[in-house]
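S.K.: When you get a sec, could you give me coordinates for this:
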Amino acid sequence: MPLSKPPLDDTGEVVPHDHEGIANGDRVIRRISEEHFVPDATGGRRISTMAFQASSDGNRGMSVDLEASILEAGVDAKTFVTTPRFLGSVWFFAGFLREEAFMVGYDPLADNVHHGEVWGTFSKGRQKKLLNTAQWFVEVAGVSLPSATA
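M.R.: I've put the predicted structure just below:
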């Protein structure tokens, strides 16, 4: 069943919220772009904690895609989250994000009806925890995640 409309403010913008239609067991996907990589100690690349922060515009959430919504629409999720310019993606369970005091909401965009946001305080410690907990959804060759090497 499609997600219900999110709450809007007087200007029609989505208000940060914890959407009841996003279950704790649903996967939330964060796209990873070239700008999210930094050099590592071995001369390779790693994902920076900067990949896990709020945007500087809009309602200041971390942009994500909602896998259950993508799959319900009959779309290939791995293709969807890497098209057109993203190299890979990582995922979290919505319940994990909520346990970390984040809100997981639905924030559909004109060009992405499966778009969501994660709202909360993105301190350096929380960004590191997100990085250390992230699991590959679409893996980037030659880049390992801390969770995969622990």
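
S.K.: Help me confirm that S69 is found in a strand?
M.R.: No. Looking at S69 with DSSP: H, G, I helix; E, B strand; the rest coil, it is helix, so not inside a strand.

S.K.: Contact partners for the residue nearest to P39 when sequence neighbours are not counted?
M.R.: Ranked by Cβ to Cβ, 6 or more residues apart in numbering and with sequence neighbours excluded, the top spatial neighbour of P39 is R45, at 6.3 Å. Every residue, glycine included, has its C-beta placed from N, CA and C. Counting by Cβ atoms under 8 Å, 6 or more residues apart in numbering, R45 touches F37, V38, P39, G142, V143.

S.K.: Distance of R45 relative to H36?
M.R.: Distance of R45 to H36, computed by Cβ to Cβ, to the nearest Å: 10 Å.

S.K.: Give me the common contacts of those two.
M.R.: Joint contacts of R45 and H36 (Cβ under 8 Å, 6+ apart) do not exist.

S.K.: Among the contacts of R45, show me the least confident.
M.R.: Across the set of the contacts of R45, G142 stands lowest in pLDDT, at 84.

S.K.: Tell me if I'm right that that residue and G44 touch.
M.R.: Yes. Between G142 and G44 there is a contact at 6.0 Å, judged by Cβ atoms under 8 Å.

S.K.: Looking at the two, which has the bigger crowd around it?
M.R.: Using other Cβ atoms under 10 Å as the criterion, G142 and G44 rank with G44 on top: 11 against 7.

S.K.: correct me, but the more buried one touches V143?
M.R.: Yes. Applying Cβ under 8 Å, one finds G44 in contact with V143, separated by 7.2 Å.

S.K.: In the chain, where is pLDDT below threshold?
M.R.: The model of the chain has pLDDT under 70 over residues 58, 148-150.

S.K.: State which helix of it is the longest.
M.R.: Using DSSP state H to assign secondary structure, the helix with the most residues in the chain is helix 124-133.

S.K.: Report the buried residues of the helix or strand just after that helix.
M.R.: Moving toward the C-terminus from helix 124-133, the next helix or strand (DSSP states H and E) is strand 135-138. Residues of strand 135-138 classed as buried under the neighbour-count rule (16 or more other Cβ atoms under 10 Å) are W136, F137, V138.
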